[in-house]
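A.B. asks: I would like the atomic coordinates for the input below:
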Amino acid sequence: MNDLDALLALLTPEGRALLDEVRDTDPARELAVATRLRRTHPAELVSAALGQARLRQRAVAKVGAEDAGRMFFTPNGVEQSTRASVAAYRAERMSALGVTSVADLCCGIGGDAIALARAGIRVLAVDRDPATAAAARANAGALGLDGLIEVREADVTEVDTGGYDAVFVDPARRGGRGRIFDPEAYSPPLSWAVGAARTAPRAAALKVAPGIPHEAVPDGAEAEWISDGGDVKEAVLWFGTAPGAVRATLLPGPRTLLGTGLPDPEVRTPGRYLYEPDGAVIRAHLVAEVAEQVGGGLLDATIAYVTADELLPTPYATAYEITDRMPFNVKKLKALLRERRVGNLTVKKRGSAVEPEELRRKVKPQGPNAATVFMTRVAGAPTMLIGHPVGRP
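C.D. replies: Reported below is the predicted structural model:
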């Protein structure tokens with residue numbers, strides 16, 4: 001049974017009842033449950049229900065337990081869908097821009113369409129894959145949003161978006177060999193998406209990989225990098241907002257750091273504190289803005305660690321108090337950790353070829369205390385900095 005047939009079977013009364021029955025199935029008991037249910041239900045339907053239950057369990061981390069328990073997913077849909085917090089933030093930005101209708105192109109299973117509809121925005125959700133479009137349609141109905149979401153199975157390049165205030169495009173960035181890094185190899189290509197964005201009457205947003213080169217950002221676009229809970233999730237190219245602006249947005253919050261065009265910070269000797277900028281700040285090339293906030297400089301011209309003498313908390317970086325500094329030497333580090341009775345060791349690296357797990361195996365941390373070791377470079381020299389997050393022992 002393919003993805004579309006499985007989904008259509010689960011939308012029948014028998015399929016929905018079976019889904020309710022297997023909702024909380026423990027993976028360890030799945031075989032026993034399947035054997036029992038196949039006595040009274042078609043084997044393919046039982047497999048589809050159990051498979052959907054697994055997908056819903058995986059989706060909880062992205063969309064929350066309440067929505068995950070009602071929505072329908074495809075395997076690719078779970079992997080590629082937008083995290084609900086990120087989709088809600090983007091929908092709020094659209095609403096603040098005065099957008100009342102959006103053509104959501106490459107809508108996937110409907111995560112962004114759902115967030116837009118919950119913000120009161122009318123949505124045309126388009127995807128060319130039959131199973132994906134069916135899942136988006138089922139999700140709109142399951143969440144009571146089908147009055148605001150129209151789902152269309154079509155090639156997005158052939159859809160007329162003229163009747164909508166805004167366009168949102170989320171091109172496919174995975175192929176048969178994994179992730180696609182060339183924006184022109186997206187499906188559809190970034191150049192097509194930019195062309196569609198420029199025709200939108202009020203605003204447009206293009207979701208791209210967070211590793212997109214800054215030189216690939218189109219003229220007139222605002223580039224925004226978004227992290228959620230410290231993990232970089234995506235980059236978005238906005239049109240109709242602030243041409244040429246660069247921003248890093250941190251969720252929850254949101255907290256947004258705007259680029260001001262500062263030059264690279266100067267390299268200076270290590271101070272008492274080390275600041276580790278959020279990944280979105282680093283991707284947005286806004287480390288200089290963080291350095292200015294905390295009155296600091298760089299440990300090394302090529303490393304995104306900021307050092308300062310004073311503690312000036314910022315939401316855009318995690319602060320650590322540095323207690324020790326030494327040239328890279330595993331034996332000396334091991335002796336220091338033994339002396340300090342450090343068993344809970346966090347290892348961070350930038351500019352070092354040594355892998356954190358390799359270092360942990362070599363130093364064999366033991367004891368009741370905690371510490372963080374940074375393997376990095378200071379003015380080009382391999383260095384270890386030992387400390388702890390501010391406010392923690």
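
A.B. asks: what about the helices in the stretch 251-393 of the chain?
C.D. replies: For the stretch 251-393 of the chain, the helices defined by DSSP state H, counting those that start in this stretch cover 279-283, 287-294, 330-340, 356-363.

A.B. asks: swap in the stretch 101-250 of the chain?
C.D. replies: Using DSSP H, counting those that start in this stretch, helices in the stretch 101-250 of the chain cover 111-118, 130-142, 190-198.

A.B. asks: Point out the most buried one among the ones you listed.
C.D. replies: helix 111-118 (a mean of 27; mean count of other C-beta atoms under 10 Å). C-beta coordinates here come from the backbone N, C-alpha and C atoms, glycine included.

A.B. asks: Just the C-alphas of that one, formatted as PDB.
C.D. replies: Extracted C-alpha coordinates of helix 111-118, given in PDB (Å, rounded to 0.1, in the frame of the first residue of the first chain):
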ATOM      1  CA  GLY A 111       2.300  23.000   8.700                       C
ATOM      2  CA  ASP A 112       2.700  26.600   7.500                       C
ATOM      3  CA  ALA A 113      -0.800  26.700   6.100                       C
ATOM      4  CA  ILE A 114      -2.200  25.700   9.500                       C
ATOM      5  CA  ALA A 115      -0.200  28.500  11.200                       C
ATOM      6  CA  LEU A 116      -1.300  31.000   8.700                       C
ATOM      7  CA  ALA A 117      -5.000  30.000   9.000                       C
ATOM      8  CA  ARG A 118      -4.800  30.200  12.800                       C
END
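
A.B. asks: Residues contacting that helix, please?
C.D. replies: Residues outside helix 111-118 that contact it (C-beta atoms under 8 Å, 6 or more residues apart in numbering) are 62-63, 67, 81-84, 87-88, 90-91, 94, 102, 104, 107, 123, 125, 136, 139-140, 143, 145, 148-149, 151, 168, 170.

A.B. asks: Next, the angle helix 130-142 makes with that helix.
C.D. replies: Taking axes from the mean of the first three to the mean of the last three C-alpha atoms, to 10 degrees, helix 111-118 and helix 130-142 form an angle of 30 degrees between their directions.

A.B. asks: Could you give the average pLDDT over helix 111-118?
C.D. replies: Helix 111-118 shows a mean pLDDT of 98 in the predicted model.

A.B. asks: In the chain, spot the helix with the most residues.
C.D. replies: helix 43-63 (DSSP state H).

A.B. asks: residues of the following helix or strand past that one that come out buried?
C.D. replies: With elements assigned by DSSP states H and E, the helix or strand that comes after helix 43-63 is helix 65-68. For helix 65-68, a neighbour-count test (16 or more other C-beta atoms under 10 Å) marks 67-68 as buried.

A.B. asks: Show residues contacting helix 65-68.
C.D. replies: Counting by C-beta under 8 Å, 6+ apart, 56-57, 59-60, 62, 84, 114, 143 sit against helix 65-68.

A.B. asks: can you check stretch 314-322 too?
C.D. replies: So stretch 314-322 is contacted by 248, 250, 253, 255, 257, 270-278, 281, 286, 289-290, 293-294, 306-307, 311, 313, 372, 374, 385-390 (C-beta under 8 Å, 6+ apart).

A.B. asks: mind listing what's buried in that stretch?
C.D. replies: 314, 316-320, 322.

A.B. asks: coming back round to it: tabulate the helices of the stretch 101-250 of the chain (CSV), appending distance to P213.
C.D. replies: Listed next are the helices of the stretch 101-250 of the chain as CSV, based on distance: least, C-beta to C-beta, whole Å:
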stretch, distance to P213
helix 111-118, 24
helix 130-142, 29
helix 190-198, 11
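
A.B. asks: For S227, find the nearest of those.
C.D. replies: helix 111-118 (17.6 Å; C-beta to C-beta).

A.B. asks: Contact partners for the most centrally placed residue in the chain?
C.D. replies: When C-alpha atoms, centre = their mean is applied to the chain, the residue found nearest the centroid is K233 (1.8 Å). By C-beta under 8 Å, 6+ apart, K233 lies in contact with 82-83, 86, 210, 226-227.

A.B. asks: same deal with D129?
C.D. replies: Taking C-beta under 8 Å, 6+ apart, one finds E153 in contact with D129.

A.B. asks: can you tell me how far it sits from V99?
C.D. replies: Going from D129 to V99 by C-beta to C-beta, to the nearest Å gives 26 Å.

A.B. asks: Scan the contacts of helix 65-68 and report the most crowded one.
C.D. replies: I114 (31 neighbours; other C-beta atoms under 10 Å).

A.B. asks: Was I right to think A304 contacts Y275?
C.D. replies: No. Using C-beta atoms under 8 Å, A304 makes no contact with Y275, being 9.6 Å away.

A.B. asks: More neighbours: which of the two?
C.D. replies: Y275 (26 against 22).

A.B. asks: Would you report the backbone torsion angles of D309?
C.D. replies: Dihedral pair for D309: phi -90, psi -20, per degrees, to the nearest 10.

A.B. asks: burial count for it?
C.D. replies: D309 has 14 nearby residues by other C-beta under 10 Å.

A.B. asks: What's the local residue count around the closest residue to it other than its chain neighbours?
C.D. replies: The shortest distance from D309 to any non-neighbouring residue, by C-beta to C-beta, 6 or more residues apart in numbering, is to G271 (4.1 Å). Residues near G271, counting by other C-beta under 10 Å, number 18.

A.B. asks: State the distance from the residue nearest to the centre of the chain to R173.
C.D. replies: For K233 relative to R173 (C-beta to C-beta), the value is 13 Å.

A.B. asks: now swap in R341 and tell me
C.D. replies: From R341 to R173 the distance is 46 Å (C-beta to C-beta).

A.B. asks: give me the low-pLDDT residue ranges for the stretch 101-250 of the chain?
C.D. replies: Applying pLDDT under 70 to the stretch 101-250 of the chain flags the ranges 175-178.

A.B. asks: at 50 instead, please
C.D. replies: Filtered on pLDDT under 50, the stretch 101-250 of the chain yields no residues whatsoever.
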